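[1] could you look at this predicted model? Sequence included:
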2 protein chains.
Amino acid sequence: MAVGLGPLPVLHPVAGFELGIASAGIKRPGRKDVVVMRCAEGSSVAGVFTLNAFCAAPVILARQRVKGPVRYLLTNTGNANAGTGEPGLAAATRTCDALAKLVGVDASAVLPYSTGVIGEPLPVEKIEGALQAALDDLSENNWAEAAIGIMTTDTLPKGASRQFEHEGVTITVTGISKGAGMIRPNMATMLGYIATDAKVSREVLQNLLFDGANKSFNRITIDGDTSTNDCCMLIATGKAALPEITEASGPLFAALKQAVLEVCMEVAQAIVRDGEGATKFVTVEVNGGANHQECLDVGYTVAHSPLIKTALFASDPNWGRILAAVGRAGVPDLDVSKIDVFLGEVCIASGGARSATYTEEQGSAVMAREEITIRIELGRGACSETIWTTDLSHEYVKINAEYRT
Amino acid sequence: MAVGLGPLPVLHPVAGFELGIASAGIKRPGRKDVVVMRCAEGSSVAGVFTLNAFCAAPVILARQRVKGPVRYLLTNTGNANAGTGEPGLAAATRTCDALAKLVGVDASAVLPYSTGVIGEPLPVEKIEGALQAALDDLSENNWAEAAIGIMTTDTLPKGASRQFEHEGVTITVTGISKGAGMIRPNMATMLGYIATDAKVSREVLQNLLFDGANKSFNRITIDGDTSTNDCCMLIATGKAALPEITEASGPLFAALKQAVLEVCMEVAQAIVRDGEGATKFVTVEVNGGANHQECLDVGYTVAHSPLIKTALFASDPNWGRILAAVGRAGVPDLDVSKIDVFLGEVCIASGGARSATYTEEQGSAVMAREEITIRIELGRGACSETIWTTDLSHEYVKINAEYRT
């Protein structure tokens, strides 16, 4: 069902960043469900994590440990280790301890990531049993396999890669992500891992990730449900033969920032394209707001409205539902007579009513497309925000009604 | 599909309040789609209206006119006259003018109500053509027929009635409502009409309605979409042989307040029971909040979560999704270790994790019921709020994907 999401693009290896995949049989025997990532010594690592108060045990641990030196990222699917309380924290700690012992690093240099069913005890022994196989598999050329290894309800793996030249040296930025439901990231998506061989100080790297995630992962929504396990990591191995970036300025920083943003955007939008039951990829663009928050309020109200999402599924240009959603978004003193709404290039509503030039045929033609932009012009100021989302289909209900059965 | 909603109960006539039903053929030929209600001269009338900025033309007019003397309420289904701009306002005015002329009252004493498709021009001539038939049909005994006459996607008519004695005089409160989708009232539901033969000053009546609607219509949600057309009216004809209630105190006021609240509650909950595609009637009870707003934030986050709603549809006791929703509700400094979550009488989660005593069988037994209470104890204070909602089924998607086709 994925909308406009093809096979993985070429994912360039990043010097100093290796990935190893193995099968622990957590949910299904034989499924690749454990991924170990190794960062070269001296790598800088940044992370953004869910703001859900019920964050999962691995999030608690990873959030603490990202402040110190990081060498290994340990990911499992099939079990989120969320809503598991103190035993869950102990379980996450144990899997990291086991990996640390195998490779001879301090346990605090191993960060855990889990995704899958909430509230089941983590099968620690199964994960421990798969660690050596994952380590044996470590390679800089394993991005595509890792993108498959972190999937849950995803129907396709998600990845993106960019390269640019700086003073004759090629810099690579490569990333992968997973996620298809329980998607309204608030700081980061379900799971995302992006690595570069540039050398970047931790502070600058964290700013790069905040900025990139904010414009990409934090602007997508499938069902409005912020996960307990959202994490996005950015690793800079420093293997490229260039000086360290220690300030947020200059041409190298600017080029890297652009590459990181493009990779974030591509893998974040891939999550929406693969949204549970998605048949449409929808861009909600809100312009002319007095401030960014009201643009986001309008955008998310439209993106979360079950009535708009079912109309999108039905390819029904039901512009009345869009107006109704804009009207209930809580924007103070909203003057409906100044609002224009566009479906693609077609003005469907103007001044609080159907546009005089609009015909149902025009709206239907846009709605029949797989990729649709809903553009709302508030006419109140100069701020804009863009959000990406999906429709709401029978398949979404089916997937989520049957998830645990 | 209506959950626990049977045939209409006995709807006692209210002296001085008559209802007449006719067919204008707005959406389908022969369908009863116009209802005229006549209030005896000297009636007090109160109203609450949608807070959607894109409110419909009839809402604009009714909101203005409720301040003056009110004699007639004119309702049509099949067309919401919303998103219709200035021409919509003119159309609403014209239908009221036509009725006023037929009965010889000032046009400002006629209030319009419309429900149905948004954004289509109101078929004024069709409505005008049905007015005389509706007037000829006026009777105090027509509550049940009017409850049918105001239906749109409702599968069953909705009404409630209470009587009580005061100093040997019987007082009646009877009400009807309609609505099944685009339901998250914000001051009132789609359409509700409640009448009593008590004599009540307009100020006290408005307070009675605010209070009643706030605890009933404003605590139900089906899909989170606040309609452009929500209205709820409370009419006091003063035909009962008792002195006027001019203060919000005393035993007569208290008895009337209770009866109005009970009628509001029954017809509001009937809307949820008849929610589009509903297979469950769900009560979300949030206790132990530090203030009412945080209780409402948690309650609505749970009630609107597509993941919880699909789990309810599947009768899946997926308590992890409930914890995840509580965690993202935006309550400041939420201490998850103090939170308990109950499904019916079963404690499913405690201290941020699955309850030690919980078994999947217990949860499944509660989830198999048609009426389910999710109770969340925040452990932060003494405030409580209760919200009523439905599950999210295949049928909801079907109804809303096919509404205009």
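    Okay, I see it.
[2] going forward, measure contacts and count neighbours with C-alpha atoms only.
    Will do.
[3] and the end-to-end length of stretch A:241-255?
    16 Å (C-alpha to C-alpha, to the nearest Å).
[4] and A:C231, how far is that from B:R38?
    61 Å.
[5] please, where are all the strands along the stretch 51-200 of chain A?
    Applying DSSP state E, counting those that start in this stretch to the stretch 51-200 of chain A gives strands spanning A:72-76, A:110-114, A:158-166, A:169-178, A:191-196.
[6] the more surrounded of A:C231 and B:R38?
    Applying other C-alpha atoms under 10 Å in any protein chain shown to A:C231 and B:R38 shows that A:C231 carries more neighbours, namely 26 against 21.
[7] state the pLDDT value of that one.
    Confidence at A:C231, expressed as pLDDT, is 85.
[8] quick check, it in contact with A:T50.
    Yes - contact criterion C-alpha atoms under 8 Å: A:C231 and A:T50 qualify, at 6.3 Å.
[9] which one in chain A is furthest away from the centre?
    A:A356 (39.8 Å; C-alpha atoms, centre = their mean).
[10] that residue: what secondary structure?
    coil (DSSP: H, G, I helix; E, B strand; the rest coil).
[11] quick one: it from chain B, how far?
    Distance of A:A356 to chain B, computed by C-alpha to the nearest C-alpha, to the nearest Å: 11 Å.
[12] now do A:E120
    Going from A:E120 to chain B by C-alpha to the nearest C-alpha gives 9 Å.
[13] burial measure for that residue, as a count.
    Residues lying near A:E120 (other C-alpha under 10 Å) number 18.
[14] quick one: residues contacting it.
    A:N79, A:A80, A:N81, A:A82, A:T84 (C-alpha atoms under 8 Å, 6 or more residues apart in numbering or on different chains).
[15] A:I372 pairs with what?
    Judged by DSSP bridges, the bridge partners of A:I372 are A:V282.
[16] I figured it hits A:V366, correct?
    Yes - with contacts counted by C-alpha under 8 Å, A:I372 reaches A:V366, the gap being 6.9 Å.
[17] mean confidence (pLDDT) on the biggest helix by length in chain A, please.
    Criterion DSSP state H: the longest helix present in chain A is helix A:251-273. With pLDDT averaged residue by residue, helix A:251-273 scores 91.
[18] who are the packing partners of it?
    strand A:158-166, strand A:169-178, helix A:202-215, strand A:383-390 (3 or more C-alpha pairs under 8 Å, 6 or more residues apart in numbering or on different chains; DSSP states H and E).
[19] buried set for the longest one?
    The reference is to helix A:202-215. A:R202, A:V204, A:L205, A:Q206, A:L208, A:L209, A:F210, A:D211, A:G212, A:A213, A:N214, A:K215 (16 or more other C-alpha atoms under 10 Å in any protein chain shown).
[20] any residues touching it, and which ones?
    Here helix A:202-215 makes contact (C-alpha under 8 Å, 6+ apart) with A:44-48, A:187-188, A:232-234, A:236, A:245-248, A:257, A:260-261, A:264-265.
[21] how about the CA coordinates for that helix, as CSV?
    Taking Å, rounded to 0.1, in the frame of the first residue of the first chain, the C-alpha atoms of helix A:202-215 are listed here in CSV:
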residue,chain,number,x,y,z
ARG,A,202,28.8,16.9,19.9
GLU,A,203,27.2,20.3,20.5
VAL,A,204,27.0,21.2,16.8
LEU,A,205,25.9,17.6,16.0
GLN,A,206,23.0,17.9,18.5
ASN,A,207,21.9,21.2,17.0
LEU,A,208,22.1,19.7,13.5
LEU,A,209,19.8,16.8,14.6
PHE,A,210,17.4,19.1,16.5
ASP,A,211,17.0,21.2,13.4
GLY,A,212,16.8,18.3,10.9
ALA,A,213,14.3,16.3,13.1
ASN,A,214,12.2,19.3,13.8
LYS,A,215,11.6,20.0,10.1
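[22] tell me the helix or strand right after that helix.
    Using DSSP states H and E, the helix or strand that follows helix A:202-215 towards the C-terminus is strand A:231-236.
[23] show residues contacting that following strand.
    A:39, A:43-50, A:59, A:113, A:187-200, A:205-206, A:209, A:213.
[24] ditto for stretch A:281-301
    Stretch A:281-301 is contacted from outside by A:3-4, A:272-273, A:302-303, A:325-326, A:328-331, A:370-391, using C-alpha under 8 Å, 6+ apart.
[25] backbone phi and psi for the nearest residue to A:F17 once chain neighbours are set aside, please?
    Distances taken as C-alpha to C-alpha, 6 or more residues apart in numbering or on different chains place A:C39 nearest to A:F17, at 4.9 Å, with adjacent residues excluded. Main-chain torsions, A:C39, degrees, to the nearest 10: phi -100, psi 130.
[26] A:C39 reaches A:L74, doesn't it?
    No - when contacts are counted by C-alpha under 8 Å, A:C39 is not listed as touching A:L74 (11.5 Å).
[27] flag every buried residue along the longest helix of chain A.
    A:252-253, A:255-257, A:259-273.
[28] please apply the same query to stretch A:47-64.
    Residues A:47-63 are the ones in stretch A:47-64 that count as buried (16+ other C-alpha under 10 Å).
[29] check whether it contacts chain B.
    Yes - legend: contact between stretch A:47-64 and chain B by C-alpha under 8 Å from any C-alpha of the partner chain is shown at A:L51, A:N52, A:A53, A:F54, A:C55.
[30] now that stretch: average pLDDT?
    The average pLDDT within stretch A:47-64 is 89.
[31] over to stretch A:166-181?
    The average pLDDT for stretch A:166-181 rounds to 90.
[32] which positions in that stretch come out as buried?
    A:I171, A:T172, A:V173, A:T174, A:G175, A:I176, A:S177, A:K178, A:G179, A:A180, A:G181.
[33] could I get the CA-only coordinates of it as CSV?
    Output of stretch A:166-181 as CSV, limited to C-alpha atoms (Å, rounded to 0.1, in the frame of the first residue of the first chain):
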residue,chain,number,x,y,z
HIS,A,166,34.2,19.7,0.3
GLU,A,167,37.8,20.7,-0.7
GLY,A,168,38.1,17.6,-2.7
VAL,A,169,36.9,15.3,0.1
THR,A,170,33.6,13.4,-0.3
ILE,A,171,31.3,13.5,2.7
THR,A,172,28.5,11.0,3.1
VAL,A,173,25.3,11.2,5.1
THR,A,174,23.2,8.0,5.1
GLY,A,175,20.1,7.2,7.2
ILE,A,176,17.4,4.6,7.8
SER,A,177,14.1,4.7,9.6
LYS,A,178,11.2,2.5,10.6
GLY,A,179,7.6,3.3,11.5
ALA,A,180,4.1,3.1,10.0
GLY,A,181,1.7,3.6,12.9
